[in-house]
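J.: My questions concern the predicted model and sequence given below.
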Amino acid sequence: MNKHIMTVAAVFLVLSIGGAAEAYSAHWCFQWQGAYIDSSTNQDYLNAPAGTTNYIDAKYSFAKVEIRTGLLTWQTLWNTWLDTSGCTGLVSVLPNKTYRFTQTLVVKRGDRIIEVHEDGVDWTGVADTEQISITTPSYLIPQFSYDAPIPPDSVNNRLMPALTQIIVNASTLDLPDGVDIDVSTWGSFDIPGDPVGLGCGSWCSGMGGSLYYACISNDWSNYKYNIAHEIGHAISKENDGPRWGDYWGSDGFYQATGVGNRCDCTFISGYSHCPTSREFTGSGQKEGFSHFIAAASYNTRTHVNGYFVFYKNLMQWLGTHGGVLPNGGGAGTIACPYEVELSDSDDVKWLQYECSPAANFQPHMSNEWDWVSFFWNLYADGGTNKYSVDEINTVWDGIPSDQRSYDCCAATDTDPGTGEYWVATNCVHLTVGSTCSPSYPHAFMIGKLWSADVTNHGVTMGLSERVDDLYNDTGEPLYNPAKFQHFVDTGVDAMVIY
Ligand SMILES: [Zn+2]
């Protein structure tokens, strides 16, 4: 229904001969420039923002339509939310009149609001707006709707196609009512706290209550996964889902060793939050979950259609990874953006192939790539036993804080033996530089023992027990052993913990 304004202008001019100089009752329809094409490598890039065909309806956003009534006076015809096609209700459209259109960079469904603020300002105040005018021709042909002019390409406008897709999928993504997310864009090195050299990354800022602040680097505002990742942090925090953890895993005392150190992040000095870095489990979970939310925002829910584009450089790899990683064996890094297929990530198993336990102890580390694979396959694989985002959040939400913490280790554990689920009896929170005691370099994976023996880890304990309680206990309302098994098997495939 909607067309580019140039097309509409052409319609006005060419076909106006047969029209009439009278008013029509019609809709004004709005669009955002650019659309994300979901079909090729680095598919998340905003496609041809200056082109003539890539526009999306400004659905769920806010617009104002005014008609000029004098030299400096305007009459408001519409000043509220657009419908699911990005259109106003019926308004009078007159020939040979000047109309002024104001689009607000906001999307809203129910009480969920995501709004973009002016470039370089903080997250407070009113949302950014774009204003543009046209004059209708002397004669109009009757139309059900007319296309409003499209705002010019800008950093902030580019966020809107991505945010629109997120708000369309708000229920699927478990974005709760009452959430207000304010987005601001910044120059790459203007981001407070952004380490120089972070590259393709964005940055997420302070939050309070149901209000969230997200910060997107100007240079990477074209990348929809980057944007949705930050929204993912708001989703997990609001639902008390996977959201805990610091990034100590690769740094200093906890630094990984061996195997060429392919699970570190040393190309970003002193910074461990990378796709291939080794992190404390909570960090791997929360970042992997946000990657997963981005994948779920833009891909259909099928096992083979899961894609994610890393927006930070990756370490190259040495292991075979089941043959799924094509560029392995080299030194140094692979530049971002780098697209990964999450269905293949069953064989990525970064921790298993590339990492060895840290010199100082700490067997229970994790990695973002492994975790996004885990979440995606939990969500999209498994037939009728797949887990919705809400169900994933519910698993985490039900885990007591002393059993989910990123830095929790069990001072005492009950080892049930080979192939049995581990039950810890105590948990000690770590501080930087401290160690678990007793600590052994045992390996295990989520929900199921990897090796015959295990020792300290709170997250694994909490997860396995929680999923067992939910789905594997006879008589429980959600009793479904096959669903429980899907969780366990997905953990086995991804090997999210080493
Ligand atoms: Zn993040």
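T.: Yep, that arrived.
J.: how close does V488 get to N472?
T.: 9 Å (Cβ to Cβ, to the nearest Å). Where C-beta positions appear, they are placed from N, C-alpha and C, glycine not excepted.
J.: So S283: helix, strand or coil?
T.: Three-state assignment for S283 (DSSP: H, G, I helix; E, B strand; the rest coil): helix.
J.: What of the one 5 residues further on?
T.: With three-state DSSP as the basis, G288 sits in helix.
J.: What pLDDT does the model give it?
T.: Predicted confidence (pLDDT) at G288: the value is 94.
J.: That one: how many residues sit nearby?
T.: 28 (other Cβ atoms under 10 Å).
J.: Show me what R68 is bridged to.
T.: W74 (DSSP bridges).
J.: just checking, it touches L94?
T.: No: here R68 lies out of contact with L94, judged by Cβ atoms under 8 Å, at a distance of 10.4 Å.
J.: Mutual contacts of these two, please.
T.: Shared contacts of R68 and L94 (Cβ atoms under 8 Å, 6 or more residues apart in numbering): none.
J.: Show me the shaky parts of the stretch 301-450 of the chain.
T.: 327-329, 345-346, 356-364, 401-450 (pLDDT under 70).
J.: again but with the stretch 1-150 of the chain, I slipped
T.: 1-21, 35-53, 120-122.
J.: tell me the helices in this structure, going along the chain?
T.: 5-15, 155-168, 224-238, 281-298, 350-354, 368-380, 389-397, 458-471, 481-494 (DSSP state H).
J.: In TSV, list these along with distance to the ion.
T.: Converted to TSV, the helices of the chain look like this (distance: least, Cβ to the ion, whole Å):
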stretch	distance to the ion
helix 5-15	37
helix 155-168	15
helix 224-238	6
helix 281-298	5
helix 350-354	17
helix 368-380	9
helix 389-397	16
helix 458-471	18
helix 481-494	19
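J.: Out of these, flag the one nearest C263.
T.: helix 350-354 (4.8 Å; Cβ to Cβ).
J.: Show me what that closest one is packed up against.
T.: If you count contacts as 3 or more Cβ pairs under 8 Å, 6 or more residues apart in numbering; DSSP states H and E, helix 350-354 packs onto helix 368-380.
J.: Check which helices and strands the helix it packs on is in contact with.
T.: Using 3+ Cβ pairs under 8 Å, 6+ apart, helix 368-380 is in contact with helix 281-298, strand 307-310, helix 350-354, helix 389-397, helix 481-494.
J.: 6 Å - rerun?
T.: Under the contact criterion of 3 or more Cβ pairs under 6 Å, 6 or more residues apart in numbering; DSSP states H and E, helix 368-380 touches helix 281-298, helix 350-354, helix 481-494.
J.: need the least confident one among those helices, by mean pLDDT.
T.: Across the helices and strands packed on helix 368-380, helix 350-354 gives the lowest mean pLDDT, at a mean of 81.
J.: Contacts for that helix, please.
T.: By Cβ atoms under 6 Å, 6 or more residues apart in numbering, the residues outside helix 350-354 that reach it are 259, 262-263, 276, 317, 319, 321, 367, 369-370, 495, 498.
J.: Which residue ranges make up the domains of this protein?
T.: 5-105+125-152, 240-494 (automatic domain parsing).
J.: pLDDT at the residue nearest to N305 when sequence neighbours are not counted, what is it?
T.: Using Cβ to Cβ, 6 or more residues apart in numbering and skipping the chain neighbours, the partner closest in space to N305 is N299 (5.1 Å). Listed pLDDT for N299 reads 85.
J.: before we move on, back to that, compare the helices and strands packed on helix 368-380 and give me the one nearest I399.
T.: helix 281-298 (11.1 Å).
J.: Now that closest one: buried residues?
T.: 281-298 (16 or more other Cβ atoms under 10 Å).
J.: got it, and stretch 324-344?
T.: 324-325, 328, 333-334, 336-338, 340, 342-344.
J.: and those residues as TSV, adding distance to the ion?
T.: Shown next, in TSV, are the buried residues of stretch 324-344 (distance: Cβ to the ion, whole Å):
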residue	distance to the ion
V324	24
L325	23
G328	25
T333	19
I334	19
C336	14
P337	15
Y338	16
V340	16
L342	17
S343	22
D344	22
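J.: just checking, which of those belong to strands?
T.: 333-334, 338, 340 (DSSP state E).
J.: can I get these in a markdown table with distance to Y99?
T.: A markdown table is the format used below for these (distance: Cβ to Cβ, whole Å):
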| residue | distance to Y99 |
| --- | --- |
| T333 | 51 |
| I334 | 50 |
| Y338 | 45 |
| V340 | 46 |
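J.: Tell me the one among these nearest to L159.
T.: Y338 (21.7 Å).
J.: and that closest one, what is it in contact with?
T.: Contacts of Y338 by Cβ under 6 Å, 6+ apart are 310, 314.
J.: What residues are bridge-paired with it?
T.: Here Y338, judged by DSSP bridges, has bridge partners F310.
J.: Could I get the full set of strands for the stretch 1-150 of the chain?
T.: Here the stretch 1-150 of the chain has its strands, by DSSP state E, counting those that start in this stretch, at 24-29, 31-33, 35-36, 46-47, 55-57, 62-68, 74-81, 91-93, 98-104, 106-109, 112-116, 129-135, 145-147.
J.: and among those, the most buried is which?
T.: strand 31-33 (a mean of 26; mean count of other Cβ atoms under 10 Å).
J.: Output the contacting helices and strands for that strand.
T.: strand 55-57.
J.: Report the strands that pair with the strand it packs on, each with its relative direction.
T.: Checking strand 55-57 against DSSP bridges gives partners strand 31-33 (antiparallel).
J.: what's next to the strand it pairs with, contact-wise?
T.: In contact with strand 31-33 (Cβ under 6 Å, 6+ apart) are residues 2, 49, 55-58, 150, 153, 160-161.
J.: Now render those as JSON lines, adding distance to P477.
T.: Shown next, in JSON lines, are the contacts of strand 31-33 (distance: Cβ to Cβ, whole Å):
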{"residue": "N2", "distance to P477": "46"}
{"residue": "P49", "distance to P477": "49"}
{"residue": "Y55", "distance to P477": "47"}
{"residue": "I56", "distance to P477": "41"}
{"residue": "D57", "distance to P477": "41"}
{"residue": "A58", "distance to P477": "42"}
{"residue": "I150", "distance to P477": "50"}
{"residue": "D153", "distance to P477": "52"}
{"residue": "M160", "distance to P477": "41"}
{"residue": "P161", "distance to P477": "41"}
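J.: And L140, how far from N96?
T.: Distance from L140 to N96, by Cβ to Cβ: 9 Å.
J.: Tell me how far the closest residue to S85 other than its chain neighbours lies from M365.
T.: Excluding the flanking residues, the one nearest S85 by Cβ to Cβ, 6+ apart is D57, at 5.4 Å. Applying Cβ to Cβ, the value for D57 to M365 is 44 Å.
J.: do the same with F375
T.: In terms of Cβ to Cβ, F375 sits 18 Å off from M365.
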